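[1] structural data only, the sequence is not supplied:
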């Protein structure tokens, strides 16, 4: 039984990492996916780079890493259990490295091992290639499982480098952080061993990174417990058995699965559901057709319907074009701020982007075409993306550059709410790419009669429960009429509620309860996620009494910081954040002289309201 399930206060000391010692600096990274691995790698580089203080003048350094999964590095999205062969990265390889073009460089350096041990990951991206002739490509979209191997390798590289320089690294895999609090000698984190349920504390931490990744809300989904409803498309190994079980329990002649969401996760769900069939290829490596897997008794193959508010998939695109923004410029934004008491308004920002789009396309396309693409169906847009790219890359380039101007942070709170509700999906759908192979696979599935798409708009809730226990899906026809279809299963592959109070992690909810983190809120509007100190360094905002200010210990970026994601949902931004956090943390080590002394006593927290995790007894 977990040590605190009864609510009785106690302190369970870790035999591995005791309270802080004077002259020692202690770091902790909670969550070792892309964000955590990137931070660790850059921190180790900061601490060990040539020209830094000599080992004799440096303080002792200890780094703890905490990961729920069995392996550090891949995190949830790139772990082998969550990434099937057909699940691709949604960015080109050259943009995915934890520094520079490191992912492509790693692929080239490790070619012999990859070809020998993981040929399927190479052939998925380059079908039919002579493996000895394979050369990694900057613009290719490689399988997520391959990127997971890269992250695992780079994580262990960082650990090895750290230990070679006398830095103590303790890896806690298959452990969950369940609580944390400030004490006189630093910050304490309580861990739970997921295999045994044993809980213990890491004390005296100087800096802690919350890099816990994307989350699925613990509450707020009325269909969460309904049979046949899958609240996430991962792990993929859970999807097909759940669908098969539902079909056995009484689906019609042709079972139907509805995938809610047409972004990268929705496409992954489609690929998972079709995994038992087979794609055929042309001689030059393009997708030619899809053959569904044989069914028992010659019944119809599974029918997959995928839908979203817009009814369109992300675009297929190539590299950025050379087009620049001429109307939406820093000077133009300054002018909007001067007219609105130092803040930006959404309408004039979108007007300027509209002018840039029209200027670049000779008036052919504007912002309205981003909101409502001029296509009758998702199929028509996919075909246009593949075969008529006159304007596709240009629109993608300008919309992406507009998003990276980070105008969101300066919008009024009312406009932020409007942007989050209606406009961010358009920016994301336009700026987040789809590999050509995925578009070809989707078209092949449509040609095989396996896949169709719907647009459900912004009106009625898209998914309800049918009277027979299945599901009813509301959508709009091509004529704009409301209609409905029945589905046996639903796979949710859309964004979740980002309210911290609904976060499934007991650590996050306990930190929120203690005031160690606070919700990001502006003029009464909560964007979701936690708040950062506005003065930089990615320090978390905390509340002491009735006063909020920067935490002396906690840092975060990426998924836990919802408003930051709105502008920075790409690998390069994570790298820059990791570099800044690493530089800030390294200053802590440089400011501590090398000395030793007796550890101070710790403050034992009040556990009367402790939120616990479910563990095996």
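    Received, thanks. As the structure is a computational prediction, the values presented were derived from the model and not from experiment.

[2] so residue 259 bridges to which residues?
    As for beta bridges, residue 259 partners with residue 306, residue 491 under DSSP bridges.

[3] which residue is the nearest non-sequential neighbour of the residue most central in space within the chain?
    Per CA atoms, centre = their mean, the C-alpha nearest to the average position across the chain is that of residue 214, at 5.1 Å. Spatial nearest neighbour of residue 214, chain neighbours left out: residue 559 (4.7 Å); criterion: CB to CB, 6 or more residues apart in numbering. Any C-beta I mention is one placed from the backbone N, CA and C, and that applies to glycine too.

[4] same question, residue 579
    The shortest distance from residue 579 to any residue other than its chain neighbours is 5.2 Å, reached at residue 42 (CB to CB, 6+ apart).

[5] can you list the weak-confidence ranges in the stretch 51-200 of the chain?
    51-59 (pLDDT under 70).

[6] tell me which helix or strand comes right after the lowest-mean-pLDDT helix or strand in the chain.
    With mean pLDDT, DSSP states H and E as the measure, the helix or strand of the chain carrying the lowest mean pLDDT is helix 562-568 (a mean of 79). Counting by DSSP states H and E, the next helix or strand C-terminal to helix 562-568 is helix 571-590.

[7] and that next one, what does it pack against?
    In terms of contacts (3 or more CB pairs under 8 Å, 6 or more residues apart in numbering; DSSP states H and E), helix 571-590 is packed against strand 24-30, helix 34-48, strand 207-210, strand 547-556, helix 562-568.

[8] now it: average pLDDT?
    The average pLDDT for helix 571-590 rounds to 91.

[9] report the angle between that helix and helix 34-48.
    In this structure, helix 571-590 runs at an angle of 40 degrees to helix 34-48, with axes from the mean of the first three to the mean of the last three CA atoms, to 10 degrees as the basis.

[10] give me the contact list for helix 571-590.
    Identification of contacts with helix 571-590 by CB atoms under 8 Å, 6 or more residues apart in numbering yields 25, 27, 34-35, 38-39, 41-43, 45-47, 53, 58-59, 61, 91, 95-99, 206-207, 209, 536-539, 555, 557-558, 567-568.

[11] one step back: surely the residue nearest to the centre of the chain touches residue 82?
    No: Residue 214 sits out of contact with residue 82 when judged by CB atoms under 8 Å, with a separation of 11.4 Å.

[12] shared neighbours, these two?
    residue 76.

[13] low-confidence stretches in the chain?
    When the per-residue scores of the chain are filtered using pLDDT under 70, the ranges that remain are 1-22, 51-59, 215-220, 249-252, 296-298, 389, 459-461, 496-497, 592-617.

[14] got the buried residues for stretch 364-374?
    365-367, 369-370, 373 (16 or more other CB atoms under 10 Å).

[15] returning to that earlier point: could the helices and strands packed on helix 571-590 be laid out in JSON lines, adding distance to residue 511?
    Supplementary listing: the helices and strands packed on helix 571-590 in JSON lines, determined by distance: least, CB to CB, whole Å:
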{"stretch": "strand 24-30", "distance to residue 511": "10"}
{"stretch": "helix 34-48", "distance to residue 511": "17"}
{"stretch": "strand 207-210", "distance to residue 511": "8"}
{"stretch": "strand 547-556", "distance to residue 511": "8"}
{"stretch": "helix 562-568", "distance to residue 511": "16"}
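
[16] out of the ones you listed, deepest packed?
    strand 207-210 (a mean of 28; mean count of other CB atoms under 10 Å).

[17] which other helices and strands does that strand contact?
    Based on contacts counted as 3+ CB pairs under 8 Å, 6+ apart, the elements that strand 207-210 packs against are strand 24-30, strand 547-556, helix 571-590.

[18] need those in JSON lines (columns: distance to residue 221).
    JSON lines is the format used below for the helices and strands packed on strand 207-210 (distance: least, CB to CB, whole Å):
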{"stretch": "strand 24-30", "distance to residue 221": "25"}
{"stretch": "strand 547-556", "distance to residue 221": "25"}
{"stretch": "helix 571-590", "distance to residue 221": "28"}
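
[19] nearest to residue 280, of those?
    Judged by CB to CB, the one of those that comes nearest to residue 280 is helix 571-590, at 32.8 Å.

[20] re earlier: and the residue nearest to the centre of the chain, that one's in a helix?
    No: assignment of residue 214 by DSSP: H, G, I helix; E, B strand; the rest coil gives coil, placing it outside any helix.

[21] let me see the contact set for it.
    For residue 214, the set of contacting residues under the criterion of CB under 8 Å, 6+ apart consists of 76-77, 559.

[22] hang on, the earlier thing: let me know which of the helices and strands packed on strand 207-210 is the nearest to residue 183.
    strand 547-556 (9.7 Å).

[23] please name the nearest non-neighbouring residue to residue 60.
    Nearest one to residue 60, counting by CB to CB, 6+ apart, is residue 24 at 4.4 Å.

[24] of the buried residues of stretch 364-374, closest to residue 121?
    Taking those together and measuring to residue 121 by CB to CB, the closest member is residue 373, at 33.1 Å.

[25] residues contacting the closest one?
    Residue 373 makes contact with 310, 312, 381, according to CB under 8 Å, 6+ apart.

[26] give me that answer again for 6 Å
    For residue 373, the contact set (CB atoms under 6 Å, 6 or more residues apart in numbering) comprises 312, 381.

[27] before we move on, what about the one 5 residues further on?
    Each residue near residue 378 by CB under 6 Å, 6+ apart is listed here: 311-313, 453.

[28] report the contact partners of residue 411.
    344, 346.

[29] what's the answer for the one 4 residues further on, then?
    The contact partners of residue 415, by CB under 6 Å, 6+ apart, come to 345-346.

[30] change it to 8 Å
    Contacts of residue 415 were listed using CB under 8 Å, 6+ apart, and they are 344-346.

[31] can I get those residues in TSV with distance to residue 481 and neighbour count?
    Rendered in TSV, the data for these read as follows (distance: CB to CB, whole Å; neighbours: other CB atoms under 10 Å):
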residue	distance to residue 481	neighbour count
344	38	21
345	35	18
346	31	19
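
[32] ok, of the residues you listed, which one's closest to residue 442?
    In terms of CB to CB, no member of those lies closer to residue 442 than residue 346, at 32.2 Å.

[33] now do the residue lying closest to residue 359 once chain neighbours are set aside against residue 360, distance only.
    Sequence neighbours aside, residue 326 is the residue nearest to residue 359 in space, at 6.2 Å (criterion: CB to CB, 6+ apart). According to CB to CB, to the nearest Å, residue 326 stands 9 Å off from residue 360.

[34] same deal with residue 276?
    Here the criterion is CB to CB. By it, residue 276 lies 44 Å from residue 360.

[35] more crowded one of the two?
    Using other CB atoms under 10 Å as the criterion, residue 276 and residue 360 rank with residue 360 on top: 20 against 13.

[36] many thanks, have a good one.
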